[in-house]
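> Using only what follows, build the 3D model:
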Amino acid sequence: MRAETGADIAVTGQTALNIDMSAKLGDAFTPYLGIVVGLAFLLLTLVFRSILVPLTGALGFLLSVAATFGAVVAVFQWGWLGDEFGAHGPILSAIPIFLVGVVFGLAMDYQVFLVSRVREGHAHGEDPSTAVRTGVGHGARVISAAAIIMVAVFSGFMLSPDPMVESIGFALAAATLFDAFVVRMTVMPAVLHLLGRTAWWLPAGLDRILPDIDVEGARLTAGRTDDQRQPHTTPV
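Below is the predicted model of the structure:
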């Protein structure tokens, strides 16, 4: 302020507290986002035993978060469709931290619902295109129902007269819509189709280190098939 007015201007009380809190949240956001994305990548690698599938899932999560931030800024700061949404007032400084935590849980649920069925088809010998079509056919209904329910709940927050609650509800509803219908059910199946069998590539060294969780039950199917092939004899 000295460069503009030639005087030192200081604030105290709640204003100073809000400025300090916003600065601390801004400094903590990048490490927090890195930890969340890293955990997502690690967990998806353990479940799907792949490098590219967890990588695309984590990048899709970041795409959902970035799109949501853009939508919140466009509506609440730039005034785009502000009258239609009834948007007014400031944006809560804690929204980025809160949004990343909630969207991370929803995005990983949708990712597992969708990709686990695709992975199951791949483990049972289906070609990549068939596995993707089957997985999307089964998982899309679950994801759509779950996303519609969450959007309805979050949209109810937008009816609040409190602008802080209104901005949180809008951010969560927009994030759920974008992640479920754009990232998980549009972008992710297209990426898996383009990658083909390469999507399930895992380095040999990492394959030996990681535990095989076998969420698809491939070992059980293989064991049952081997038992059926063995001749059944009756002792005399």
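> which SSE is the residue nearest to Gln111 when sequence neighbours are not counted in?
Leaving aside its chain neighbours, Gln111 sits nearest to Gly57 (4.7 Å; criterion: CB to CB, 6 or more residues apart in numbering). C-beta coordinates here come from the backbone N, C-alpha and C atoms, glycine included. Using DSSP states H and E, Gly57 sits within helix 52-72.
> packing partners for that helix?
Contact here means 3 or more CB pairs under 8 Å, 6 or more residues apart in numbering; DSSP states H and E; on that basis helix 52-72 packs against helix 13-48, helix 95-123, helix 163-177, helix 188-195.
> So which of the ones you listed is nearest Ala67?
When the helices and strands packed on helix 52-72 are compared by CB to CB, helix 163-177 sits nearest Ala67, at 7.7 Å.
> in that closest one, what counts as buried?
163, 166-177 (16 or more other CB atoms under 10 Å).
> from these, which is closest to Ile51?
Taking CB to CB as the measure, Ile51 lies nearest Ala175 of those, at 26.0 Å.
> State the number of residues packed around Val187.
Neighbourhood size, Val187 [other CB atoms under 10 Å]: 16.
> Leu59 is in contact with that one, correct?
No - the criterion here is CB atoms under 8 Å, and Val187 misses it with Leu59 at 9.4 Å.
> In the protein, what helix or strand scores lowest on average pLDDT?
Sorted by mean pLDDT, DSSP states H and E, the helices and strands of the chain end with helix 218-229, the least confident at a mean of 51.
> can you tell me how far the spatially most central residue of the chain sits from Ile168?
Centroid-nearest residue in the chain, with CA atoms, centre = their mean: Ala107, separated by 2.5 Å. Going from Ala107 to Ile168 by CB to CB, to the nearest Å gives 18 Å.
> Kindly report the same for Leu81.
Leu81 is 18 Å from Ile168, where distance means CB to CB.
> can you check Gly34 too?
To Ile168, Gly34 is 23 Å away according to CB to CB.
> Next: Arg117.
For Arg117 relative to Ile168 (CB to CB), the value is 33 Å.
> got a pLDDT number for the residue nearest to the centre of the chain?
On pLDDT, Ala107 comes in at 89.
> residue contacts, it?
40, 57, 60-61, 64, 179, 183-184 (CB atoms under 8 Å, 6 or more residues apart in numbering).
> Where does confidence bottom out across the residues you listed?
The member of the contacts of Ala107 with the lowest pLDDT is Ala40, at 83.
> Correct me if wrong: that residue contacts Met108.
Yes - counting by CB under 8 Å, Met108 is a contact partner of Ala40 at 6.0 Å.
> ok so, going back, you'd agree the residue nearest to Gln111 is up against Val115?
Yes - if you go by CB under 8 Å, Gly57 and Val115 touch, sitting 7.3 Å apart.
> I'd like to know how many residues surround Val47.
Residues near Val47, counting by other CB under 10 Å, number 19.
> distance of it from Ile91?
Val47 sits 35 Å away from Ile91, taking CB to CB as the criterion.
> Kindly report the same for Trp200.
Trp200 sits 41 Å away from Ile91 when distances are taken as CB to CB.
> ok, back up a step: which one of the helices and strands packed on helix 52-72 lies nearest to Ile209?
Nearest to Ile209 among the helices and strands packed on helix 52-72 is helix 13-48; the distance by CB to CB comes to 10.7 Å.
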